[in-house]
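> 3D, please:
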Amino acid sequence: MKLATLRTDGTTRAVRLDGDVLIDLGDSDLGVFLARPDWYERAQAAVPGTTYPVAGADFAPVVPRPSKVVCVGLNYRNHITEMGRDLPEHPTLFAKFGDSLIGAGDDIVRPEETAQFDWEVELAVVIGKQVRRATPHMAVEAIAGFTALNDITCRDWQFRTREWLQGKAWDSSTPVGPYLVTPDELPGGVRPALDVRLEVDGEVMQSDTTGDLLFDPVALVEYVSTIVRLHPGDIIATGTPGGVGHARKPSRFLLGGETVVAEVEGIGRLHNRVVKEDSAP
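As a prediction, this is how the structure comes out:
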């Protein structure tokens, strides 16, 4: 199944893709829907009542208000190499906030404070069941599905210190969506083998497969849930492959006006225009 949060008539609705329409699932957004213990069965059983056309759909962040967004750095072998680092023994974690997230077609706001605005296409895990200190089996059961995320980064702020949060959590900068796709629809299931790709103004910058992940989605749910309780709708971004602007010779960054397309096979495309931030509060 493909599930999403749709903006319509000044509000949002949780929906399921059915051909060329989106079926209303009866809740205000996908986070609320995933909190239902029987969300999967409800989504499967949903029949066309209130529907919306896919054409021209305005997608909100797939989960608009997750309780947490946990991100993994340095998780593709080729990206670790291009950044000049050794393979880590444990996942490298940082966080984003709900205010960082935008929809699949929204503008990416480039802050006036950065001169090094970079891209990172990622596969992201969406949690569908509360879990803490997950065993491998519990981790599998907790994965509702996967979505696409572009971990837009202010590199000059990221590397101000040894901690990365300040470069990663900027307001209205991180597209996520358009769909949550359940594991049964993806090759590899909860450990999907999918092509990931990012283009800037039609030029391919990143192209790889999630088969290159050092720590797979199940292992990440185990690891993160050891530290903190995961709730339905929480997101784990699994990391980015090589090809980021910071590592290029010479470096390349987003200045404003570019169109960035990040795509994960079987899930969909994030199609976003980079705009300069209005300095007015």
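> so which bits of the top helix by length along the chain are buried?
When the chain is parsed with DSSP state H, its longest helix is helix 217-227. Across helix 217-227, burial judged by 16 or more other C-beta atoms under 10 Å covers 217, 218, 220, 221, 222, 223, 224, 225. For glycine as for every other residue, the C-beta is placed from the backbone atoms N, C-alpha and C.
> what does stretch 106-117 give?
Residues 106, 108, 109, 110, 114, 116, 117 are the ones in stretch 106-117 that count as buried (16+ other C-beta under 10 Å).
> how about the fifth one: what's its closest non-neighbour residue?
Which is residue 114. residue 154 (4.0 Å; C-beta to C-beta, 6 or more residues apart in numbering).
> ok, now the last one?
Leaving aside its sequence neighbours, residue 117 sits nearest to residue 254 (C-beta to C-beta, 6+ apart; 4.3 Å).
> between the buried residues of helix 217-227, which sits nearest residue 27?
Nearest to residue 27, judged by C-beta to C-beta, of the buried residues of helix 217-227 is residue 221 at 23.6 Å.
> next up, phi/psi of residue 38, please.
Main-chain torsions, residue 38, degrees, to the nearest 10: phi -110, psi 30.
> count of neighbours near it?
9 (other C-beta atoms under 10 Å).
> also residue 123?
Neighbour tally, residue 123, other C-beta under 10 Å: 26.
> hang on, the earlier thing: between the buried residues of helix 217-227, which is closest to residue 34?
Using C-beta to C-beta, residue 221 is the member of the buried residues of helix 217-227 that lies nearest residue 34, at 14.6 Å.
> need the three-state assignment for the nearest residue to that closest one once chain neighbours are set aside.
Leaving aside its chain neighbours, residue 221 sits nearest to residue 139 (3.8 Å; criterion: C-beta to C-beta, 6+ apart). Per DSSP: H, G, I helix; E, B strand; the rest coil, the local secondary structure of residue 139 is helix.
> which two in the buried residues of stretch 106-117 are spaced the farthest apart?
Across the buried residues of stretch 106-117, no pair lies farther apart than 106 and 116, at 21.7 Å, counting by C-beta to C-beta.
> distance between the helix or strand hosting residue 41 and the chain's centre?
Residue 41 is located in helix 39-45, with elements delineated by DSSP states H and E. Relative to the centre of its chain, helix 39-45 is centred 23 Å away, using C-alpha atoms, centre = their mean, to the nearest Å.
> before we move on, what about stretch 250-266?
15 Å.
> buried residues of the helix holding residue 41, list them for me.
39, 40, 42, 43.
> right, and the helix or strand after it?
Heading C-terminal from helix 39-45 (DSSP H and E), you reach strand 51-53.
> output the contacting helices and strands for that following strand.
On a contact count with 3 or more C-beta pairs under 8 Å, 6 or more residues apart in numbering; DSSP states H and E, strand 51-53 meets strand 11-18, strand 21-24.
> any idea which of those strands gets closest to residue 95?
strand 11-18 (23.5 Å).
> any residues touching that closest one, and which ones?
1-6, 22-30, 32-33, 43, 46, 48, 51-52, 54, 60, 64, 179 (C-beta atoms under 8 Å, 6 or more residues apart in numbering).
> neighbouring strands - and their directions - for that strand?
According to DSSP bridges, strand 11-18 forms sheet pairs with strand 2-8 (antiparallel), strand 21-24 (antiparallel).
> which of those strands is buried the deepest?
Highest mean neighbour count among the strands paired with strand 11-18 (mean count of other C-beta atoms under 10 Å): strand 2-8, with a mean of 23.
> hey, C-alpha coordinates of that one in CSV?
This file holds the C-alpha atoms of strand 2-8, laid out as CSV (Å, rounded to 0.1, in the frame of the first residue of the first chain):
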residue,chain,number,x,y,z
LYS,A,2,0.9,3.6,-0.5
LEU,A,3,-0.3,6.0,2.2
ALA,A,4,0.1,9.8,2.5
THR,A,5,-1.0,13.0,4.2
LEU,A,6,-2.9,15.2,1.7
ARG,A,7,-3.5,18.9,2.0
THR,A,8,-7.0,19.8,1.0
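> could we number from 12 for the rest of this?
Noted, 12 is the first residue going forward, which turns the last one into strand 13-19.
> any stretches of the stretch 162-292 of the chain with poor pLDDT?
Low-confidence segments of the stretch 162-292 of the chain (pLDDT under 70): 290-292.
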